[in-house]
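Participant: Okay, predicted coordinates and the sequence, questions at the end:
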Amino acid sequence: MYKTRLHQTIITALEVVLDTSRKAAIQAHETATNGETVAENKYDTFGLEASYLAAGQSKRVLECEENVKIFKLLEVQDFKPESLIRLGALVELEDAQSNIKTLFLSPVSGGLKVSFDQLEITLVTPLAPLGKALMNQSLGDDITVLIGHEKQSYIILKII
């Protein structure tokens, strides 16, 4: 039940991102097609820039739609303490300064943060350095990841 609610919370967050992207695309399209954006001379590039922005925003909408679709297909499963980490795992890590991070290993939308049951949960994909380091690890394992130019070490406290 816990993971099912979390899964739905993440879908809702992805749908909010999608809705925001759609609104931005509509606004960019309206700006690009507005009669006031017609170039007044060969150096006036506002209309051209607006059309590039509109195209980029439209592409972003397609990406967000795909993210929602992919995430909805992710099977909700509870992990046992002895399970290896894979997609769909909720993982709690502790760093060397005793800071706790809660991560959800997701196929899409790495970096998205959601609030759930008084926790801030960050989505991480297997393509990210931290996600890659977590794959196939187990409870109690130590991992070290190069983030930026800094090595960070974590211990895996929970797998749910």
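Facilitator: Cool, got the structure. Numbers count the residues shown, from 1 in each chain.
Participant: which stretch of helix or strand covers residue 20?
Facilitator: In this structure, residue 20 sits in helix 2-33 according to DSSP states H and E.
Participant: Determine the next helix or strand in the C-terminal direction from that helix.
Facilitator: helix 46-73.
Participant: chain center to that following helix, what's the gap?
Facilitator: Relative to the chain's own centre, helix 46-73 is displaced by 15 Å; criterion: C-alpha atoms, centre = their mean, to the nearest Å.
Participant: Likewise for stretch 139-149?
Facilitator: Once both centres are worked out by C-alpha atoms, centre = their mean, stretch 139-149 turns out to sit 19 Å from its chain's centre.
Participant: ok so, going back, just name whatever secondary elements the helix holding residue 20 is in contact with.
Facilitator: If contacts are counted by 3 or more C-beta pairs under 8 Å, 6 or more residues apart in numbering; DSSP states H and E, helix 2-33 sits against helix 46-73, strand 113-116. C-beta coordinates here come from the backbone N, C-alpha and C atoms, glycine included.
Participant: if you average pLDDT over the last one, what comes out?
Facilitator: Averaged across strand 113-116, the pLDDT comes to 98.
Participant: Which neighbours in the sheet does that strand have, and how are they oriented?
Facilitator: Strands that pair with strand 113-116, judged by DSSP bridges, come out as strand 119-124 (antiparallel).
Participant: Let me know the angle separating the strand it pairs with from helix 2-33.
Facilitator: With axes from the mean of the first three to the mean of the last three C-alpha atoms, to 10 degrees applied, the angle from strand 119-124 to helix 2-33 works out at 60 degrees.
Participant: ok, and for stretch 60-80, which residues are buried?
Facilitator: 60-61, 64, 67-68, 71, 74, 79 (16 or more other C-beta atoms under 10 Å).
Participant: can you pull the contacts of the nearest residue to residue 81 once chain neighbours are set aside?
Facilitator: Once flanking residues are discounted, residue 81 sits nearest to residue 139: 5.1 Å by C-beta to C-beta, 6 or more residues apart in numbering. Residues in contact with residue 139 (C-beta atoms under 8 Å, 6 or more residues apart in numbering) are 81-82, 156-159.
Participant: which of those are buried?
Facilitator: The buried subset of the contacts of residue 139 - by 16+ other C-beta under 10 Å - is 156, 159.
Participant: out of the contacts of residue 139, who's nearest residue 3?
Facilitator: Using C-beta to C-beta, residue 159 comes nearest to residue 3 of the contacts of residue 139, at 11.7 Å.
Participant: Distance check, the closest residue in space to the closest one that isn't next to it in sequence against residue 158.
Facilitator: Among residues not flanking residue 159 along the chain, residue 79 sits closest, at 4.8 Å (C-beta to C-beta, 6+ apart). As judged by C-beta to C-beta, to the nearest Å, residue 79 and residue 158 stand 9 Å apart.
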